[in-house]
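Asker: 3D, please:
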Amino acid sequence: MTGRQLSLLRSPSARFVAAGLLLAAALGAGSADAATPAEGSLTDTSPPASWSGGPFANDNASALLLSPPQCDATLNPCDDFTLHVSTPAGYGTDHALVVDVSWADPSADFDVYVLDAAGDVVGSAASTADPEKVTIPPTSGDYTVRVVPYAATGQTYDASASLQSTAPPSGGGGTGTGSGPAYDTFAAPSSFTDADNAGEPSIGDNWNTGTTMYQSSLSTYSVTWDDSTTPATPHWSDVSANAGNGCAQGSTVSLDPILFTDHTTGRTFESQLTGVDSFTCWTDDDGATWNPSTGGGIPSGVDHQTIGGGAFSADGLGALPTSTYPDAVYYCSQDIATAFCALSRDGGTTFGAGVPTYSLLDCDGLHGHVKVAPDGTAYLPNKGCGDNQAVVTSTDNGSTWTVNRVPGTTPGDSDPSVGTGANGTLYFGYVDGSGKPGVAVSTDRGATWSTPQAVGTELDIQNAVFPTMVAGDDDRAAFAYLGTPTGGDYQDQANFHGEWHLYVDTTYDGGRTWVTSDATPNDPVQVGSICTGGTSCGDDRNLLDFIDVTTDDHGRVEVAFADGCINACVTDPQHAGRDAYATIARQAGGKTLLSAYDPVTTNVQLSSLQVTRQSDGQLTALVDLTNTGNRALTGLRTQVLDGRKQVGLTAPVDLGAGETRTMSVTWKPSGAKSHTVSAVVDPSNALAEDDETDNKAATTIPR
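Answerer: Model (predicted):
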């Protein structure tokens, strides 16, 4: 379902209204009007197919609730265009079918649905974007493109269908070629309530205690780690909030679960959506005791809530807490026509009024998880804001919000995610309309962005869902998602048989390059289709809408995901069973997101030797020394030999981590002959290095 429809049907009070409108729509059901022209064809060599429709005198009354809406000549008007598509085998690997519908009047609003020959919806766009854009695999067949007037205003529309390349963008850097960090996976104990009901899991980490917190539906788990073993040994506890440990509304009822842990303070929030607001509890002792919260701000959205927090911004009102708790806490949720964010200044016990962050004139309803940067800037990502995805930003403690689109991205089916580096660098992870994962980076709080770049290309990822991003040091970030190298329509339950794994892309250079890890190489997370279409899905919606990622106090990446392929499915990937088992992938090797915990390396490299003959016959050797380790080195000397004779020994020098210095030695050679000149750094082996083989170099100078 679209965000607009999903928000209504998740609201209990709306179900009676929905039932009435459904009945009225069914009684008035009929056929759609024909567009002009009524049909067209599209091949890999043909130009785009174009058509138009309208004007429409009234709105389609069923568009608010049905996917696709009902169509008839009176109450529920719409247009149908028949599209015949013929493409060669394998064409969908790097191409997509794109439908655009646009109109002149900004107060009008049209929705678009693409149906296959069986009448099933294979793609839709039902925001307030102009144009509305639908991107689906370019599979040969006959399709119906249905254009529905959500807000008619007597308006006409123009539409086109084209086949477009989905080749990865070339700008903004490249994907790394080496192996990424290693991961181990840990499943929750099977005795835990909700252990196999972990669709839409959340994860947080208390840096004060080293405890990882995990939300699985109504249940909250804590995990402590024994890193003296390999792999680490987890100790799981069910610490769900309830009346007995201080929060009576905890773990009682939910339309959506969410968890957030503030790294710095160690406070964890667990929130359960009620459809009006949320039942929220918080803990300062990793779930041993809980405290009640008012839940969120009023007004509040009915769907898709998120909680986040961090430092207050010095740039806005309300920059001081009203309790001893030092950080700001945000509660955001989406409604039919906007999304609201409310600020708490007393540690999440109470919240101020909900503030609209955008309207449907700006963005589609659903949003991702709110994140707060070290400088107090709050970010709320959105998968569809006009032609792009975007980050909605507040620099004044939630008083006002600005939509910052990410140029080069296209609207997708999964919520995007942001991570904030230690000095404010903003990392945006997304899956675009082609189904492929990508990233963009901003160093000015989302005002401008690097050119988006595809990731996962070294493992040939063709489809991805559920992107989630976290950052550590300003130049380090990790981007997790479920991905598959199988191309095509990943929501085609009957025909898509791809094997999905959990992938993590990591950057250590500010997003210029990324290296990909398969975190579940021997255990698929899902086999077959994954539906991201809302409550209209079949049993392939077992994983629901998102996964989550965090880091521990050493910068280890920890990913919460629901494992949809367990037991017999692991050994027989075509096994029909689907699950949603609570699982954590935890970094087990490689550099983390905090350089302070990088393994200590000691190495000096003689990186260059150049020898030149001067006009007076003297020889000069220029020797470059590079500290390739991560600690400073002192007292380094360099010896230069002409044949077997030492002609120079430099004075001791110091080299910082990563630093390069050039040493110079000049001497008068003996005899008119060729000379073999060699150089050795640390000739007495006073320094114990990780690599002793790169300390020497030699070259020959002809007579």
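Asker: count the residues that sit near Arg631.
Answerer: 12 (other C-beta atoms under 10 Å). Yep, even glycine has a C-beta here, placed from its N, CA and C like the rest.
Asker: who's in contact with it?
Answerer: By C-beta atoms under 8 Å, 6 or more residues apart in numbering, the contact list for Arg631 reads 600-602, 657.
Asker: mind checking which of these land in helices?
Answerer: Per DSSP state H, helices hold no members of the contacts of Arg631.
Asker: in strands, which of these appear?
Answerer: Of the positions in the contacts of Arg631, not one sits in strands, assigned by DSSP state E.
Asker: any of those residues buried? List them.
Answerer: Among those, the ones that count as buried by 16 or more other C-beta atoms under 10 Å are Thr602.
Asker: give me the mean pLDDT for stretch 495-503.
Answerer: In this model, stretch 495-503 has a mean pLDDT of 94.
Asker: can you dump the C-alpha coordinates of that stretch into PDB?
Answerer: C-alpha atoms of stretch 495-503 as PDB (Å, rounded to 0.1, in the frame of the first residue of the first chain):
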ATOM      1  CA  ASN A 495       8.500 -16.000 -10.200                       C
ATOM      2  CA  PHE A 496      11.300 -14.300  -8.200                       C
ATOM      3  CA  HIS A 497      13.700 -16.900  -6.700                       C
ATOM      4  CA  GLY A 498      16.600 -14.800  -5.600                       C
ATOM      5  CA  GLU A 499      18.600 -15.500  -2.500                       C
ATOM      6  CA  TRP A 500      19.000 -12.600  -0.100                       C
ATOM      7  CA  HIS A 501      21.800 -11.900   2.300                       C
ATOM      8  CA  LEU A 502      22.700  -9.200   4.800                       C
ATOM      9  CA  TYR A 503      25.300  -6.900   3.300                       C
END
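Asker: let the chain start at 126 from now.
Answerer: Understood, numbering begins at 126; the last thing we discussed is stretch 620-628.
Asker: who's in contact with it?
Answerer: By C-beta under 8 Å, 6+ apart, the list of residues contacting stretch 620-628 from outside reads 308, 562, 581, 584, 586, 588-589, 605-611, 613-615, 641-646, 649-655, 672, 684, 686, 689, 698-699, 710.
Asker: those, buried ones only, as a PyMOL selection?
Answerer: In PyMOL, a selection of the buried entries from the contacts of stretch 620-628 looks like this (16+ other C-beta under 10 Å):
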select buried, resi 308+562+581+584+586+588+589+605+606+607+608+609+611+613+614+615+641+642+643+644+645+649+650+651+652+653+654+655+672+684+686+689+710
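Asker: in TSV: the contacts of Arg756, plus distance to Gly663.
Answerer: Output for the contacts of Arg756, formatted as TSV (distance: C-beta to C-beta, whole Å):
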residue	distance to Gly663
Val725	53
Thr726	52
Thr727	57
Ala782	54
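Asker: can you pull the poorly scored residue ranges out of the stretch 126-275 of the chain?
Answerer: 126-157, 189-192, 252-254 (pLDDT under 70).
Asker: where along it do the helices fall?
Answerer: 128-135, 139-152 (DSSP state H, counting those that start in this stretch).
Asker: repeat for the stretch 676-825 of the chain
Answerer: Going by DSSP H, counting those that start in this stretch, the stretch 676-825 of the chain shows helices at 693-696.
Asker: list the contacts for the residue nearest to Trp639 when sequence neighbours are not counted?
Answerer: Counting by C-beta to C-beta, 6 or more residues apart in numbering, Asp630 is the residue found nearest to Trp639 once chain neighbours are left out, at 4.3 Å. Applying C-beta under 8 Å, 6+ apart, we find Asp630 in contact with 300, 305, 562, 564, 580-581, 603-605, 639-642.
Asker: check for me that Asp630 belongs to a helix.
Answerer: No - per DSSP: H, G, I helix; E, B strand; the rest coil, Asp630 lies outside any helix segment and is strand.
Asker: look up how far Ala515 lies from it.
Answerer: Remark: distance between Asp630 and Ala515 (C-beta to C-beta, to the nearest Å) = 21 Å.
Asker: kindly report the same for Thr482.
Answerer: Applying C-beta to C-beta, the value for Thr482 to Ala515 is 11 Å.
Asker: and the residue lying closest to Ala811 once chain neighbours are set aside, how many neighbours?
Answerer: The shortest distance from Ala811 to any non-neighbouring residue, by C-beta to C-beta, 6+ apart, is to Gly760 (7.4 Å). Neighbour count for Gly760, taken as other C-beta under 10 Å: 12.
Asker: thinking Gly760 is in contact with Leu780, fair?
Answerer: No - judged on C-beta atoms under 8 Å, Gly760 makes no contact with Leu780 at a distance of 9.9 Å.
Asker: quick check: buried residues in stretch 405-422?
Answerer: 405-412, 415-422.
Asker: contacts only, for Gly689.
Answerer: Listed by C-beta under 8 Å, 6+ apart, the contact set of Gly689 reads 625, 650-652, 667-668, 703-706.
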